[in-house]
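J.: only the shape, not the letters, is given here:
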């Protein structure tokens, strides 16, 4: 007969008590939460011409000239050859003839957000004028840089086709490729840029906004103007300093326009460097020919004032006509216009998203700086290039 010591007996009793089943209560079945199925919304949906606000009233001649600019870059691409040849053959440019051309050669599709909504953000940009010099002085002390020699651009699309729109920037450090210097590091002198100064300008915040706009003109002491345009970027993501000022309680949301941020900078010069450094993105420039009629967009053709937009090329291929339905800056007055997608931008991400090019100078800057409107967009696909639709 097995005999247990008292401690073992007590341990055995404790284990039995722990394993004992308590008084049973009615079991209420628990229904697991139902997760709704993920609905994948197509970025484009078939539309009719009548769905485009004021389509039968808008002036199409400036849009036509912008389309001709797009064809200058696209006419040798197989998918565009026939269309651009038809564009070149047009002799009648009255509004009825042009509307008939668009309706016979294109198919309209509304652009949708991933959640199925159709409204998106429309901002503005322009070509600013900065005061500068080719030599550094006490007045002109902020450098506008060309592309540094140690900046690498890494294209992985040959190995990974899904990354065809992704370009990585970096630099060599020892045997490693590391991220390129941030804005704060560049302005602290970490990057080898001593021999890459194109111009010296007189205002740090104007130089910052030139990088956001992507192109501009430098007025030299003799009154002449030199054109500069985007050449490359350091690879860091763009971060809005307007949002940073709102988060810090320095500005109200309605004050965070370009003009409002500049005013804040004038009032707080000692805080300005730290604010600008919060956007790690940094843009490098190149000299542009004086004969250019306007800045070159990402498509490689001069932009058309009031009829070119910057888009996210992952959704809207460059060169495409895009009908934009929005409102004038800080207004409810309709702004319905056929635009051409001819540019991109670091802050232009998303499907229903556009940056409206207002042109050159102070008045254009006033319009661009105040534009933060809601809008809808329709892309006009050339016949034969329409996206496939699910059945």
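T.: Perfect, I can see it now. Remember, predicted model here, so these are calculated numbers, not experimental data.

J.: for residue 93, grab phi and psi.
T.: Main-chain torsions, residue 93, degrees, to the nearest 10: phi -120, psi 30.

J.: okay, and for this structure, where does confidence drop off?
T.: 1-40, 162-166, 389-391 (pLDDT under 70).

J.: dump the residue contacts of the most centrally placed residue in it.
T.: The chain has residue 348 as the residue nearest its centroid, 1.4 Å off, counting by CA atoms, centre = their mean. Contact analysis of residue 348 by CB atoms under 8 Å, 6 or more residues apart in numbering lists 310-312, 354-355. Yep, even glycine has a C-beta here, placed from its N, CA and C like the rest.

J.: show me the helices in the stretch 1-150 of the chain, by range?
T.: 6-19, 61-74, 81-89, 95-105 (DSSP state H, counting those that start in this stretch).

J.: between those helices, which one is closest to residue 251.
T.: helix 61-74 (34.9 Å; CB to CB).

J.: ok, residues contacting that closest one?
T.: Contacts for helix 61-74 (CB under 8 Å, 6+ apart): 80, 83-84, 87-88, 93, 95, 98, 299-302, 304, 306-308, 319-321, 337-340, 342.

J.: where along the stretch 201-350 of the chain do the strands fall?
T.: Here the stretch 201-350 of the chain has its strands, by DSSP state E, counting those that start in this stretch, at 215-219, 225-233, 283-288, 308-310, 321-327, 334-343.

J.: in JSON lines: these, plus distance to residue 207.
T.: As requested, the strands of the stretch 201-350 of the chain are exported to JSON lines (distance: least, CB to CB, whole Å):
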{"stretch": "strand 215-219", "distance to residue 207": "9"}
{"stretch": "strand 225-233", "distance to residue 207": "11"}
{"stretch": "strand 283-288", "distance to residue 207": "10"}
{"stretch": "strand 308-310", "distance to residue 207": "20"}
{"stretch": "strand 321-327", "distance to residue 207": "29"}
{"stretch": "strand 334-343", "distance to residue 207": "20"}
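
J.: so which of those gets nearest residue 50?
T.: strand 321-327 (12.0 Å).

J.: other SSEs contacting that closest one?
T.: strand 106-111, strand 334-343, strand 353-360, strand 372-382 (3 or more CB pairs under 8 Å, 6 or more residues apart in numbering; DSSP states H and E).

J.: 6 Å instead, please
T.: Helices and strands touching strand 321-327, by 3 or more CB pairs under 6 Å, 6 or more residues apart in numbering; DSSP states H and E, are strand 334-343, strand 372-382.

J.: dump the residue contacts of the nearest residue to residue 134 once chain neighbours are set aside.
T.: Distances taken as CB to CB, 6 or more residues apart in numbering put residue 199 closest to residue 134, at 6.2 Å, once the chain neighbours are dropped. Residues near residue 199 by CB atoms under 6 Å, 6 or more residues apart in numbering: 132, 144, 218.

J.: ok, the second one - how many residues close by?
T.: Okay, so that is residue 144. If you count neighbours by other CB atoms under 10 Å, residue 144 ends up with 21.

J.: so it bridges to which residues?
T.: residue 199 (DSSP bridges).

J.: who's in contact with it?
T.: So residue 144 contacts 198-199, 201, 285 (CB under 6 Å, 6+ apart).

J.: the helices and strands packed on strand 321-327: which one's closest to residue 118?
T.: strand 372-382 (5.1 Å).

J.: sheet partners, orientation included, of that closest one?
T.: strand 106-111 (antiparallel), strand 120-127 (antiparallel), strand 321-327 (antiparallel).

J.: quick one: these as TSV, columns for mean neighbour count and distance to residue 363 too.
T.: Listed next are those as TSV, based on neighbours: other CB atoms under 10 Å; distance: least, CB to CB, whole Å:
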stretch	mean neighbour count	distance to residue 363
strand 106-111	20	30
strand 120-127	23	9
strand 321-327	21	18
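
J.: residue 295: which of those is closest?
T.: Of all the strands paired with strand 372-382, strand 120-127 comes closest under CB to CB, at 5.3 Å.

J.: other residues contacting that closest one?
T.: Contacts of strand 120-127 (CB under 6 Å, 6+ apart): 213, 215-216, 295, 326, 352-356, 358, 360, 364-365, 367-368, 371-373, 375.

J.: just checking the distance from it to the centre of its chain.
T.: 9 Å (CA atoms, centre = their mean, to the nearest Å).

J.: one more: stretch 233-251?
T.: Using CA atoms, centre = their mean, the offset of stretch 233-251 from its chain centre is 14 Å.

J.: list the buried residues for that stretch?
T.: Across stretch 233-251, burial judged by 16 or more other CB atoms under 10 Å covers 233-236, 238, 241-242, 244-246, 250-251.

J.: could I get those residues as TSV with distance to residue 72?
T.: Converted to TSV, these look like this (distance: CB to CB, whole Å):
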residue	distance to residue 72
233	25
234	30
235	30
236	32
238	29
241	36
242	35
244	40
245	41
246	41
250	45
251	42
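
J.: tell me the one of those residues nearest residue 291?
T.: Checking these one by one against residue 291 (CB to CB), the nearest turns out to be residue 233, at 25.8 Å.

J.: need the contact list for the closest one.
T.: residue 283.

J.: ok, now residue 168?
T.: residue 154.

J.: what residues are bridge-paired with it?
T.: residue 154.

J.: relative to residue 54, how far out is it?
T.: Residue 168 sits 43 Å away from residue 54, going by CB to CB, to the nearest Å.

J.: good, wrapping up.
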